[in-house]
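1. Predicted model and sequence follow; I will ask about them next.
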Amino acid sequence: MRMHINLDDDLVAQLDRRVGSRRRSAFISATVRRALEDEQRWEDIEAGLGALADSEHEWDSNPAGWVAAGRSGDPTRVG
């Protein structure tokens, strides 16, 4: 889809130095895609905040031991 956007002249000059005038659209598209993915990741993180209780986990008394037990119980783990 074509769309019209306005960019400052100095921003376009930096863009052209970085990717060239023939690659502007591809660069802008990839950059917007990454920014939208970042925004979605933050929304997902914020939605998950508070999903776990602050206490009463099986790892509370010995987190390192809990991790070690989980690792030793994985037959596919190397090292």
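-> Everything's here; your move.
2. Can you list phi and psi of the residue of the chain positioned farthest from its centre for me?
-> In the chain, the greatest distance from the average C-alpha position (Cα atoms, centre = their mean) is reached by residue 61, at 31.3 Å. Torsion angles at residue 61 (phi, psi; degrees, to the nearest 10) stand at phi -80, psi -30.
3. what's the pLDDT at it?
-> Residue 61 is assigned a predicted lDDT (pLDDT) of 91.
4. same check, this time on residue 71
-> 85.
5. One more: the one 4 residues further on?
-> The pLDDT attached to residue 75 in the predicted structure is 80.
6. can you list contacts of the helix or strand where residue 45 lies?
-> Under the criterion of DSSP states H and E, residue 45 resides in helix 24-48. For helix 24-48, contacts defined as Cβ atoms under 8 Å, 6 or more residues apart in numbering pick out 12, 15, 16, 18, 19. For every residue, glycine as well, the C-beta is placed using N, CA and C.
7. pLDDT added to those, as JSON lines?
-> As requested, these are arranged in JSON lines below (pLDDT from 0 to 100):
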{"residue": "12", "pLDDT": "97"}
{"residue": "15", "pLDDT": "97"}
{"residue": "16", "pLDDT": "97"}
{"residue": "18", "pLDDT": "97"}
{"residue": "19", "pLDDT": "97"}
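8. could those residues go into TSV alongside distance to residue 77 and secondary structure?
-> As requested, the contacts of helix 24-48 are arranged in TSV below (distance: Cβ to Cβ, whole Å; DSSP: H, G, I helix; E, B strand; the rest coil):
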residue	distance to residue 77	secondary structure
12	51	helix
15	46	helix
16	49	helix
18	42	helix
19	42	helix
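9. are any of those buried, and which?
-> Burial by neighbour count, judged by 16 or more other Cβ atoms under 10 Å, picks out residue 15 from these.
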